[in-house]
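J.: Predicted coordinates and the sequence they were generated for:
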Protein chains: 2
Amino acid sequence: MDFEEKTLKRREIFKGRIFEVAVDDVELPNNLGQAKRELIFHRGAVAVLAVTPDNKIIIIKQYRKAIEKVSYEIPAGKLEVGEKGSEYQAALRELEEETGYSGDLQQIYEFYTAIGFCNEKIKLYLATNLTKVPQPRPQDADEVLERFELTYEECLDLIRSGEIEDAKTIIALQYFALHVKGGQ
Amino acid sequence: MDFEEKTLKRREIFKGRIFEVAVDDVELPNNLGQAKRELIFHRGAVAVLAVTPDNKIIIIKQYRKAIEKVSYEIPAGKLEVGEKGSEYQAALRELEEETGYSGDLQQIYEFYTAIGFCNEKIKLYLATNLTKVPQPRPQDADEVLERFELTYEECLDLIRSGEIEDAKTIIALQYFALHVKGGQ
């Protein structure tokens, strides 16, 4: 059984600052004919499960236009142009900008967020041994953020109340329960 | 501190079968000025952590054009037109089409996959008490799938080898480790 879909033609629809959109005509394997694939191309992103010395998790409150709601998430940010391969540095930067902390980073997962139509890949880091940065880099000018340090139980309450509904944050909290909780 | 971003203008870029694309001009809160938001609108999807009576997890191998690679994932599928609010039925259908099983479904999470720019929301179900459907509904005509029943340890190996790199599947496997493993 073959799986690969060969690209017959690509139609480019949109080139934005955050993502690009294309529609591919593909040849299906096993003589199944042709199909169309609507695709989003994204540079990738980093996210950080930042755990304080008293075992709290840093959570950022922010507005998300795509869902027209406020959301509670772990610190994260897009890779900038040319930053592919420098995810560790990007994660340190986002941690500093969004939390004012630096720390020791260890990659725990990398995953595609919406693999059915989008190539966005997030590298997720665990940050421990956090220390305050004296004069941290400022946040992006178009971001309004509020920072919280929450216990794991408080994070679970935010999942139950529907205030945490973000996949990368759920992955990070499950990881905390499986591998970090009580054990630093 | 205010968080909400008010829409000043929406430019519609693309209306596809899978998603729509728009760019919004927004007014930032707290007199921060204006910004652009590139947005993807998606109907939503369902996914199923299907656990067999001998405690194995059903994993589907398929090609993903957005990443130009084969991927191993839990069964999942998009909501069809008008299916919003019928996620339970959609999950039963996808389970039957992709695995040939029916079962008892219980919602365990719902989450946005790429909250920074996309409103796709996945409802994730746990399926237990699986039984073979005598004449299951066929797969979609443009899908080539191979089905596996794997132990949790075998799934961990697929994460380590990079063959499982899908966020919803990682959420499901961590849920299995936290709440199902050994305990049915």
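T.: Looks like it came in fine. Numbering: from 1, shown residues only, chains lettered A, B, ... in the order given.
J.: Dihedrals phi and psi, residue A:77?
T.: Main-chain torsions, residue A:77, degrees, to the nearest 10: phi -170, psi 160.
J.: same question but for residue A:180, I mixed them up
T.: Main-chain torsions, residue A:180, degrees, to the nearest 10: phi -110, psi -50.
J.: Can you give me the distance of it to residue A:127?
T.: Per CB to CB, to the nearest Å, residue A:180 is found 11 Å from residue A:127. Quick note: C-beta positions are derived from backbone N, CA and C, even for glycine.
J.: How about residue A:59?
T.: For residue A:59, the distance to residue A:127 - CB to CB - is 13 Å.
J.: now residue A:145
T.: 17 Å.
J.: Compare these two (neighbour count), which wins?
T.: Per other CB atoms under 10 Å in any protein chain shown, whichever of residue A:145 and residue A:127 has more neighbours is residue A:127, with 23 against 17.
J.: surely the more buried one meets residue A:94?
T.: No: the pair residue A:127 / residue A:94 is not scored as a contact, 10.2 Å apart, by CB atoms under 8 Å.
J.: need the strands for chain A, in chain order.
T.: A:6-15, A:19-27, A:34-42, A:45-50, A:57-64, A:69-73, A:76-78, A:101-112, A:121-132, A:146-150 (DSSP state E).
J.: so what sits against both of residue A:127 and residue A:94?
T.: residue A:48 (CB atoms under 8 Å, 6 or more residues apart in numbering or on different chains).
J.: residues near residue A:149, how many?
T.: Residue A:149, neighbours per other CB under 10 Å, totals 16.
J.: The closest residue to it other than its chain neighbours: how many residues sit nearby?
T.: Excluding the flanking residues, the one nearest residue A:149 by CB to CB, 6 or more residues apart in numbering or on different chains is residue A:56, at 4.2 Å. Counted with other CB under 10 Å, residues neighbouring residue A:56 total 17.
J.: So residue A:56 sits against residue A:150, correct?
T.: Yes: between residue A:56 and residue A:150 there is a contact at 5.9 Å, judged by CB under 8 Å.
J.: How is chain A partitioned into domains?
T.: Here the domain parsing of chain A from the TED database is A:6-42, A:45-180.
J.: Common neighbours of residue A:180 and residue A:127, please.
T.: Going by CB under 8 Å, 6+ apart, residues that sit against residue A:180 and also against residue A:127 are A:49, A:51.
J.: one step back: let me see the confidence value for the residue nearest to residue A:149.
T.: For residue A:56, the pLDDT comes out at 97.
J.: One more: residue A:183?
T.: pLDDT for residue A:183: 57.
J.: again with residue A:138
T.: pLDDT for residue A:138: 84.
J.: Return the residues in contact with it.
T.: So residue A:138 contacts residue A:97 (CB under 8 Å, 6+ apart).
J.: Against chain B, how distant is it?
T.: Residue A:138 is 13 Å from chain B, where distance means CB to the nearest CB, to the nearest Å.
J.: circling back to that earlier point, ranking the domains of chain A by mean neighbour count, which comes first?
T.: domain A:45-180 (a mean of 19; mean count of other CB atoms under 10 Å in any protein chain shown).
J.: what's the span of that domain, first residue to last?
T.: 23 Å (CA to CA, to the nearest Å).
J.: now for the longest helix that chain A contains, which elements pack on it?
T.: Scanning chain A for the helix with the most residues, using DSSP state H, yields helix A:87-99. When contacts are defined as 3 or more CB pairs under 8 Å, 6 or more residues apart in numbering or on different chains; DSSP states H and E, helix A:87-99 sits against strand A:45-50, strand A:57-64, strand A:76-78, strand A:101-112, strand A:121-132.
J.: So for residue A:160, which of these sits nearest?
T.: Taking CB to CB, strand A:57-64 is the member of those nearest to residue A:160, at 14.6 Å.
J.: Contacts for the closest one next, please.
T.: Residues contacting strand A:57-64 (CB under 8 Å, 6+ apart): A:48-52, A:69-75, A:98-99, A:101, A:143-152, A:155, A:158, A:164, A:169, A:172-173, A:176, B:3-5, B:29, B:112, B:115-116.
J.: From chain B, how far off is residue A:31?
T.: Distance of residue A:31 to chain B, computed by CB to the nearest CB: 11 Å.
J.: Quick check: that residue vs residue A:1, distance?
T.: Applying CB to CB to residue A:31 and residue A:1 gives a distance of 12 Å.
J.: Restricting to C-alpha, output stretch A:103-122 in PDB.
T.: Below are the C-alpha coordinates for stretch A:103-122, written out as PDB (Å, rounded to 0.1, in the frame of the first residue of the first chain):
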ATOM      1  CA  GLY A 103      16.000  29.700  33.100                       C
ATOM      2  CA  ASP A 104      17.400  26.300  32.100                       C
ATOM      3  CA  LEU A 105      15.600  25.000  29.000                       C
ATOM      4  CA  GLN A 106      15.100  21.400  28.000                       C
ATOM      5  CA  GLN A 107      13.000  20.400  24.900                       C
ATOM      6  CA  ILE A 108      10.300  18.000  25.900                       C
ATOM      7  CA  TYR A 109       8.200  17.600  22.700                       C
ATOM      8  CA  GLU A 110       7.800  18.800  19.200                       C
ATOM      9  CA  PHE A 111       4.500  18.500  17.500                       C
ATOM     10  CA  TYR A 112       2.400  19.700  14.600                       C
ATOM     11  CA  THR A 113      -0.600  21.700  15.800                       C
ATOM     12  CA  ALA A 114      -3.100  21.100  13.000                       C
ATOM     13  CA  ILE A 115      -1.500  18.400  10.900                       C
ATOM     14  CA  GLY A 116      -4.600  17.900   8.600                       C
ATOM     15  CA  PHE A 117      -4.000  21.200   6.800                       C
ATOM     16  CA  CYS A 118      -1.200  23.200   8.400                       C
ATOM     17  CA  ASN A 119       2.600  22.600   8.900                       C
ATOM     18  CA  GLU A 120       3.000  24.700  12.000                       C
ATOM     19  CA  LYS A 121       5.300  22.900  14.300                       C
ATOM     20  CA  ILE A 122       5.800  23.800  18.000                       C
END
